[in-house]
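A.B. asks: quick check, what structure comes out for this input:
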Amino acid sequence: MDQHAFKRPESVLVLVHTRAGEVLLLERVHPPGYWQSVTGSLEWGETAAAAARRELAEETGLVAGRGLIDCRHTHRFPIHPAWRARYAPEVTFNTEHVYRLEYKARPDVHVHCAEHVRSLWLPREAAAERVASETNREAILRFVPE
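C.D. replies: Next up, the predicted model:
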């Protein structure tokens, strides 16, 4: 079977934050209460940087410009059972590339209602506590300045 019939097991995590250390979080439509930073899978043939820019625009309406920073860090983690059917049968792990984007002040965010219910800005520590994913938590604490 053609691998392109399945989702690519590679994604981006984009940390959007202010200079004051406020972090943008998005609540997923499903499952309710699942908070995360901007995330999304790479399309076949797409670079991680291009995916980060695309996902940022799709999920928040924000345009990265030259401010997008590649943290040069990846996480490899098991794919959650709820999403396994999207991937080829032999694929069990995903590789996530971390990026960040800093703003002087909170920009206006326009949440993509098919994927997310709402957005929220929280201080760095509170954001790290709120996110559902361990890799998201670790990235916030490691890459968002205090």
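A.B. asks: centre of the chain versus the helix or strand hosting residue 125, how much separation?
C.D. replies: Per DSSP states H and E: residue 125 is located in helix 124-130. Relative to its chain's centre, helix 124-130 lies at 15 Å (Cα atoms, centre = their mean, to the nearest Å).
A.B. asks: and the most centrally placed residue in the chain, what element?
C.D. replies: Centroid-nearest residue in the chain, with Cα atoms, centre = their mean: residue 39, separated by 2.2 Å. Using DSSP H and E, residue 39 sits within strand 38-41.
A.B. asks: mind listing what's buried in that strand?
C.D. replies: Buried residues in strand 38-41, counted by 16 or more other Cβ atoms under 10 Å: 38, 39, 40, 41. To be clear about C-beta, it is placed using only N, CA and C from the backbone, and glycine gets the same treatment.
A.B. asks: also stretch 130-141?
C.D. replies: The neighbour-count check on stretch 130-141 (16+ other Cβ under 10 Å) flags 130, 131, 133, 135, 136, 137, 138, 139, 140 as buried.
A.B. asks: okay, buried residues for the helix or strand following the strand holding residue 39 please.
C.D. replies: Next helix or strand after strand 38-41 toward the C-terminus (DSSP H and E): helix 48-60. Buried residues in helix 48-60, counted by 16+ other Cβ under 10 Å: 48, 51, 52, 53, 54, 55, 56, 59, 60.
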